[in-house]
Each structure stands twice: as structure tokens, then as C-alpha cells.
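Engineer: Coordinates for the following, if possible.
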Amino acid sequence: MIKINLLPVKAAKRREQGQKQLLAGVIILSATLVGIIVFHGTQVAHINELRDHNTQLTKDIAKLKAEIGDYDVIKAQREELIKQRDAIKKLQANRSGPVWMMRELSDEMIAGIATNTAAMPTTRTIYEMGMQGGALADLGELEMAVGMRDAEYLGGFSIMGDEPGEDIEDAIQWAREAWQVLKPGSCGGTYLNFDGEADQARVLGSLSADHGDRKRERLAQIKRAWDPGNRFHVNHNIKPQA
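Structural biologist: Have a look, this model is predicted:
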């Protein structure tokens with residue numbers, strides 16, 4: 001009877017099986033580590049992307065806040081300008097009176113001014129007067145739109161009611177009569193910045209006593225070239241040439 005010792009074979013098989021299990025464990029562990037690294041890298045990239053996005057959002061919000069701040073400033077400025085415009089409209093609604101451009105101021109004119117000043121119809125009626133000449137007279141009549149550069153004085157009665165909406169028609173009529181004392185020395189037109197009734201005739205009359213038609217034609221040509229639709233008309237307007 002032959003006896004065979006199988007113990008070495010079984011031990012070899014156990015070793016081989018253990019090696020296989022160990023190798024499988026190493027592979028699984030390696031795959032797990034690789035998976036963890038890949039997952040971590042993906043999460044880091046996503047986190048960085050979110051961080052960049054948040055940074056950009058922060059910049060956009062800061063920019064928007066600045067723009068909103070500018071808008072608020074502009075809005076406040078606009079509201080203030082509207083208030084000023086409305087205040088001016090209220091004053092203009094209760095004001096009437098051209099200021100004449102004058103080449104001379106005679107004794108008779110001075111006496112007429114004094115007489116009318118003593119009889120002003122409202123407490124807010126004033127007589128306005130200023131000196132002209134100087135640098136204004138250095139340019140010729142046809143060199144600038146503003147006319148009557150040879151005037152030495154400007155003056156006139158300005159009528160303003162004591163209360164908004166007050167009926168000052170009688171006072172306006174008084175002023176129109178009072179203005180007559182200024183006409184003997186007049187250059188033929190008014191100073192528009194002080195004129196509460198500056199209609200088209202007064203606007204054209206203020207251009208020049210001697211060259212008004214030529215200046216009006218030149219200004220109308222310029223207006224036609226640069227503003228043919230007369231968009232800028234809320235002023236002492238020169239209409240575009242047809």
C-alpha cells in the first residue's frame with residue numbers, strides 16, 4: 001500500500017487562494033482610493049467653480065449697487081431741478097415786464113422812472129436797471145446773436161403779484177404804460193432774460209435795431225441745419241428757415 005502526503009498540496013492551494021484574496025483586496029482598495037481621489041477632485045473643481053461664481057456675483061452686486069446709487073443721485077438731482085423749474089414757472093406766471101436796451105438815459109426819462117416807481121401797484125413790483133457797454137460793445141452787431149451791443153443801459157419795470165395766482169392784469173397794464181417813459185432812449189428792443197412776455201416779435205426785435213432781418217435769416221439758416229424739427233424750442237426761439 002502506497003501512502004501519499006497531500007498536506008503540502010493543500011498548503012500550496014491555501015497560499016495561492018490567500019494570495020488571490022489579498023490581490024483582490026488590494027485591487028478593491030486601490031479602486032476605492034482612485035474613486036475617492038476622483039470624487040474629491042470633482043468636488044474641489046465644483047467648489048472652485050462655485051467660489052468663482054460667487055466672486056463674480058459679489059462684483060456684479062457691487063457694480064449694481066454703484067449704478068443704483070448713481071441712479072438715486074440722478075433721480076434726486078432731477079427732482080430738485082423739477083422743483084426749481086416749477087418755482088420759476090410760478091414766478092413767471094405772476095411776472096410781466098420787458099427790460100429795454102437803451103442808448104441814453106435823459107433827464108426826462110429819469111424823471112418818468114422816479115414818478116412811476118413811486119406809484120408801483122404791488123409790493124413786489126420793481127424797477128430793474130443795469131449798465132451795458134464794455135466788452136459787449138467790442139463786437140459788431142452781426143458777429144453774435146445777442147443784439148443792440150451799442151446800448152449803454154438796460155432797464156424796465158417788472159410786475160410780480162404778492163400771491164400765486166393773483167390777478168395782476170391791472171398792474172400789467174400800468175407797467176405797459178410806465179414802460180413808455182423808456183422808449184425815447186431805447187435801442188429798439190428788449191433784454192430777453194428779464195422779459196416775462198417774450199413773444200416772437202420781441203425775440204426778433206431783440207436781435208438788432210439796424211440788422212435784425214439779416215441776423216434772423218442767418219440764425220434761421222443755422223437752426224435749419226442743426227435743428228430742423230425745432231426740438232430745442234423751450235427758449236427765446238428762432239424758428240428754422242422753411
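Engineer: helix or strand right after the lowest-mean-pLDDT helix or strand in the chain?
Structural biologist: Taking mean pLDDT, DSSP states H and E as the measure, the helix or strand of the chain with the lowest value is strand 95-96, at a mean of 52. As assigned by DSSP states H and E, the chain's next helix or strand after strand 95-96 is strand 100-102.
Engineer: Contacts for that following strand next, please.
Structural biologist: 109, 132, 148, 151-156, 179, 182-183, 185-191, 206 (Cβ atoms under 8 Å, 6 or more residues apart in numbering). No exception for glycine: its C-beta is placed from N, CA and C like everyone else's.
Engineer: just stretch 203-220 next, same as before
Structural biologist: Stretch 203-220 has contacts (Cβ under 8 Å, 6+ apart) with 101, 141-142, 145, 147-148, 187-192, 236-241.
Engineer: Now the buried members of these.
Structural biologist: Buried members of those, counted by 16 or more other Cβ atoms under 10 Å: 101, 141, 147-148, 187-192, 236, 238-240.
Engineer: do you know how far the residue positioned nearest the centre of the chain is from D72?
Structural biologist: What sits nearest the mean C-alpha location of the chain, by Cα atoms, centre = their mean, is R78, with 7.3 Å. Between R78 and D72 the computed distance is 11 Å (Cβ to Cβ, to the nearest Å).
Engineer: strand partners of the strand or helix carrying G156, parallel vs antiparallel please.
Structural biologist: Per DSSP H and E: G156 is located in strand 153-160. Sheet pairing for strand 153-160, assigned by DSSP bridges, gives strand 95-96 (antiparallel), strand 100-102 (antiparallel), strand 126-131 (antiparallel).
Engineer: Show me how far it is from its chain's centre.
Structural biologist: 31 Å (Cα atoms, centre = their mean, to the nearest Å).
Engineer: Could you list the residues in contact with it?
Structural biologist: Against strand 153-160 from outside (Cβ under 8 Å, 6+ apart): 91, 94-102, 104-105, 113, 116, 120-122, 124-132, 168, 171-172, 174-175, 178-179, 182, 185, 190-191, 194, 196.
Engineer: Buried subset of these, written for PyMOL?
Structural biologist: In PyMOL, a selection of the buried entries from the contacts of strand 153-160 looks like this (16+ other Cβ under 10 Å):
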select buried, resi 94+95+96+97+98+99+100+101+102+105+113+116+120+121+122+124+125+127+132+168+171+172+174+175+178+179+182+185+190+191+194+196
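Engineer: Compute the inter-axis angle for the longest helix along the chain and strand 153-160.
Structural biologist: When the chain is parsed with DSSP state H, its longest helix is helix 7-93. Per axes from the mean of the first three to the mean of the last three Cα atoms, to 10 degrees, the angle that helix 7-93 makes with strand 153-160 is 100 degrees.
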